[in-house]
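J.: My questions are about this predicted structure, shown below with the sequence.
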Amino acid sequence: MTALLETRALSKSFGALRATRDVTFALEEGARHALIGPNGAGKTTFINLLTGVLAPSAGEVLFKGQDITQVEQAERVKLGIARTFQINRLFRGLSVLENVYMAIAERVGAAPNMVTPAGSRHDVIDEAMELLTRLKLADIAHKTIPELPYGRQRLVELAITLGLKPQVLLLDEPAAGVPSAESHIILDAIDALPKGIGVLIIDHDMDLVFRFAKKITVLVRGAVFAEGTPKQIGANPEVRAVYLGQAAHG
Amino acid sequence: MSIVPVNSDNPAAHALAVRHRFRWWEALPWLLALAFYFAFPRYLGFGTELLITILFAISLDLALGYAGIVTLGHAAFFGAGAYTVGMLAKQEIWTEPISGLVIAAAVAGAVGFASGLVLLRTTGLTLLMLTLCTMGLLEETANMAADVTGGFDGLDSLPIKPVFGIFEFNPLYPNTQYLYVLGVLLVSFVFVRMLVYSPFGHSLTGIRENTLRMHAVGAPVRMRLIVCYSISAAIAGIAGALWAQANAYVNLSVLGLDRAATVLIVLVLGGYGRLYGGIIGAIAYMVLSHFLSKAYPTAWQLGLGLLLMAIALFARGGILGMVDDLTRRFKERKAPGSGLP
């Protein structure tokens, strides 16, 4: 069976720094996969390579077996690869609804239309409201982003991405910076994601990772260090050593 | 047109579904412009200049206010339109005014498209300087190519045919000019209004608010910006063409930094990204400079400078931003508690 998203010997160097080294990785359909690793392990670089923000120095990226290494970021989104950001990237001056409208309008191809009013695309508004209702954001849909507490802003971050109806969802530290009293909203939303889509979550938060993931890949200094079920990874002494801050092997 | 908005029970969905509808007060500027025609027949030259400035400011608002393209060289397109009409008329190649506007829009739009292809790879200060350079290059070209552009002296006594073959342009009694410009402004305004409320316009505000996120939702950001910049340039070109036709001359002032800076001031004063900011800003700027220069012929620009400082420090949204703040406060006082989460 071909994986949904796959990399083969993927590498990225910034000058002398090898941020990603020979990463061969596969995300299966319906996967709940986590990517963990200490600070500076190259997790975000890896996401940027998967989404086409960065071009790799070597290796390839495949989507359903098709080579997409040269495909641009916007085109990859159209294929169904979407991400959230570690630091919120929202349309701050617009309402929550307008934020989500933006993504859905791009997906359904409404956005290039210059003639009919945005407000007359009832299908887009309806879909956005449905999504917001699902994420329990409907009652604050009229508010602009700065009016919301941080936890809700994180949820809008997720809502925009879900508006793209991705087949591959890359979540970059979805609960980062959210006070623990609010973090359950994010976790509930992640639990409620459609079963069929492949989800890759990047996080430090071990509680979140072990609750969510069926499979874990550990990245250390840009290379795959270990891979396995949460149980295997939790029992791996070398991984524990890395997380305790001791020198990795060799 | 939407009759029954869906999800009308939700305030956000309702607001989005009806925000493009015409409101009663939107007729006011046009009624006032018509009233001005009858009330101040001796000020129609001033009025024509004002209407052209409004059109120019609206074109800038589309690029700067909506798409967030920072430019200090928008007079390049105003000048391209003005010189197109001027040169075609002087050589007696094309003197019909309305089709002249179309040609001017096409030329200015093409200049916008060609420069946009290169410039819009950059952002911020680099973009600002490059727009300034583009305008400088055009200005110097117009200055050097004296055979066709008249060089420093420009081109005067342009033979422009009557509008619809009936209404003559009379430099002493600019009644025709005023109504002609008002008509073109109305058509252009309705077009821009349609554009900013469309999904395309919505995606432009998305690019302004967060360019990186627009890439991540799959929008072809650079192409959108280039299209927006070209349309904005074409409208600026129409404004320039109107200026050349109404005055029956062109000179280097249509391409200068002075004009580019003035229209920016107008937009900041009125409030950018608000559609009506250009109108309010142009009126405020032109009326103020008119009366200030009469009262203090030597130091009138000081007054404008102080006003701009006040706007920059205390009212970033310009005059319309202040009006918005006041109405919001008024509504909150009327319906206390509605603003709570």
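T.: Alright, I've got the coordinates. No experiment lies behind these values; they were computed from the predicted model shown.
J.: where does the residue of chain A at minimum distance from chain B land on pLDDT?
T.: Using Cβ to the nearest Cβ, the single residue of chain A nearest to chain B is A:Val77, 3.2 Å away. No exception for glycine: its C-beta is placed from N, CA and C like everyone else's. Listed pLDDT for A:Val77 reads 95.
J.: All the helices of chain A, in order from the start?
T.: Secondary structure of chain A (DSSP state H): helices located at A:43-51, A:73-79, A:96-107, A:122-134, A:150-162, A:180-191, A:206-212, A:230-235, A:237-243.
J.: ranking those by burial, who's on top?
T.: Comparing the helices of chain A by mean neighbour count (mean count of other Cβ atoms under 10 Å in any protein chain shown), helix A:96-107 comes out on top with a mean of 28.
J.: Can you name the residue of the stretch 151-300 of chain B nearest to chain A?
T.: Closest point on the stretch 151-300 of chain B to chain A, by Cβ to the nearest Cβ, is B:Gly218, at 3.2 Å.
J.: following the one helix or strand B:Gln301 maps to, which helix or strand shows up next?
T.: Using DSSP states H and E, B:Gln301 sits within helix B:300-314. Next along the chain after helix B:300-314, taking DSSP H and E as the criterion, comes helix B:318-334.
J.: buried stuff in that following helix?
T.: By neighbour count with 16 or more other Cβ atoms under 10 Å in any protein chain shown, helix B:318-334 contains the buried residues B:Gly318, B:Ile319, B:Leu320, B:Gly321, B:Val323.
J.: Out of those residues, which comes closest to chain A?
T.: Compare each of the buried residues of helix B:318-334 with chain A using Cβ to the nearest Cβ and the shortest gap goes to B:Gly321, at 12.1 Å.
J.: Could you list the low-confidence segments of the chain?
T.: Looking at chain A here, since you left the chain open. Scanning chain A with the threshold set as pLDDT under 70 gives A:1, A:244-250.
J.: Sorry, I should have been clearer: chain B.
T.: B:1-8, B:335-341.
J.: residues in it within reach of chain A, list them.
T.: Residues of chain B lying near chain A by Cβ under 8 Å from any Cβ of the partner chain: B:1-2, B:5-7, B:10-13, B:15-20, B:194-195, B:197-203, B:205-206, B:209-210, B:212-221, B:341.
J.: Of those residues, which belong to helices?
T.: Taking DSSP H as the definition of helices, these contribute B:11-13, B:15-18, B:194-195, B:197, B:199-203, B:205-206, B:209, B:212-216, B:221.
J.: Drop anything exposed from the residues you listed.
T.: With burial judged by 16+ other Cβ under 10 Å, the buried subset of those is B:11-13, B:15-17, B:194-195, B:197, B:199-203, B:205-206, B:209, B:213-216, B:221.
J.: hang on, isn't A:Met102 packed against A:Ile160?
T.: Yes. Counting by Cβ atoms under 8 Å, A:Met102 does reach A:Ile160; the two are 7.0 Å apart.
J.: and for these two, which residues touch both?
T.: Residues touching both A:Met102 and A:Ile160 (Cβ atoms under 8 Å, 6 or more residues apart in numbering or on different chains): B:Val217.
J.: and A:Gly109, how many neighbours?
T.: Using other Cβ atoms under 10 Å in any protein chain shown, A:Gly109 has 10 other residues around it.
J.: With B:Phe46 instead?
T.: Using other Cβ under 10 Å, the number of residues around B:Phe46 comes to 16.
J.: Next one: it from chain A, what distance?
T.: From B:Phe46 across to chain A, the span is 34 Å (Cβ to the nearest Cβ, to the nearest Å).
J.: on that earlier part again, what's the closest non-adjacent residue to the residue of the stretch 151-300 of chain B closest to chain A?
T.: A:Val77 (3.2 Å; Cβ to Cβ, 6 or more residues apart in numbering or on different chains).
J.: any idea how far A:Pro174 is from A:Thr20?
T.: 22 Å (Cβ to Cβ, to the nearest Å).
J.: what's the closest non-adjacent residue to B:Leu138?
T.: Counting by Cβ to Cβ, 6+ apart, B:Leu138 lies nearest to B:Ala76, which is 5.0 Å off, once chain neighbours are set aside.
J.: in what helix or strand does that neighbour lie?
T.: Using DSSP H and E, B:Ala76 falls within helix B:75-90.
J.: Mind giving me the packing neighbours of that helix?
T.: On a contact count with 3 or more Cβ pairs under 8 Å, 6 or more residues apart in numbering or on different chains; DSSP states H and E, helix B:75-90 meets helix B:97-119, helix B:124-144, helix B:146-149, helix B:221-247, helix B:257-270.
J.: A:Leu97: which of the ones you listed is closest?
T.: The closest of the helices and strands packed on helix B:75-90 to A:Leu97 is helix B:221-247. By Cβ to Cβ, the value is 21.1 Å.
J.: Report all helices and strands that that closest one contacts.
T.: By 3+ Cβ pairs under 8 Å, 6+ apart, helix B:221-247 packs against helix B:44-60, helix B:75-90, helix B:97-119, helix B:175-197, helix B:199-209, helix B:211-216.
J.: So which of the ones you listed is the most surrounded?
T.: helix B:75-90 (a mean of 29).
J.: For that helix, what is the distance to the chain centroid?
T.: The chain centroid and the centroid of helix B:75-90 are separated by 16 Å, computed with Cα atoms, centre = their mean, to the nearest Å.
J.: Contacts for stretch B:210-224, please.
T.: A:51, A:53, A:73-75, A:77-78, A:82-83, A:85, A:89-92, A:102-103, A:106-107, A:111, A:160-161, A:163-164, B:67-68, B:120-121, B:123, B:200, B:203-204, B:206-207.
J.: Distance from the chain centre to it, please.
T.: Using Cα atoms, centre = their mean, the offset of stretch B:210-224 from its chain centre is 25 Å.
J.: And stretch B:102-109, by the same measure?
T.: So, by Cα atoms, centre = their mean, the centroid of stretch B:102-109 is 15 Å from its chain's centroid.
J.: Contacts made by that stretch with the rest, please.
T.: Contacts of stretch B:102-109 (Cβ under 8 Å, 6+ apart): B:77-78, B:80-82, B:84-85, B:88, B:94, B:230-231, B:233-238, B:240-241.
J.: let's go with 10 Å and repeat that
T.: The set of residues external to stretch B:102-109 that reach it, using Cβ atoms under 10 Å, 6 or more residues apart in numbering or on different chains, is B:59, B:76-86, B:88, B:93-94, B:96, B:116, B:188, B:229-242, B:244-245.
J.: How many residues are close by B:Arg222?
T.: Neighbour tally, B:Arg222, other Cβ under 10 Å: 16.
J.: what about the closest residue to A:Leu164 other than its chain neighbours, distance to A:Pro166?
T.: Counting by Cβ to Cβ, 6+ apart, A:Leu164 lies nearest to A:Ala82, which is 4.4 Å off, once chain neighbours are set aside. Here the criterion is Cβ to Cβ. By it, A:Ala82 lies 4 Å from A:Pro166.
J.: What backbone torsions are found at the closest residue to B:Asp61 other than its chain neighbours?
T.: Leaving aside its sequence neighbours, B:Asp61 sits nearest to B:Gly278 (Cβ to Cβ, 6+ apart; 5.1 Å). In terms of degrees, to the nearest 10, the main-chain angles of B:Gly278 are phi -60, psi -40.
J.: go on, A:Ala31?
T.: Per degrees, to the nearest 10, the backbone of A:Ala31 is at phi -70, psi 150.
J.: who's in contact with it?
T.: Here A:Ala31 is in contact with A:Ala3, A:Leu4, A:Leu5, A:Val168, A:Ile197, A:Gly198, A:Val199, A:Leu200, A:Ala213, A:Lys214, A:Lys215 (Cβ under 10 Å, 6+ apart).
J.: Please identify which of those residues is nearest to A:Pro117.
T.: A:Ile197 (32.1 Å).
J.: looking at it, that closest one is touching A:Leu169, isn't it?
T.: Yes. Applying Cβ atoms under 10 Å, one finds A:Ile197 in contact with A:Leu169, separated by 5.5 Å.
J.: coming back round to it: between the helices and strands packed on helix B:75-90, which one is closest to A:Val209.
T.: helix B:221-247 (33.2 Å).
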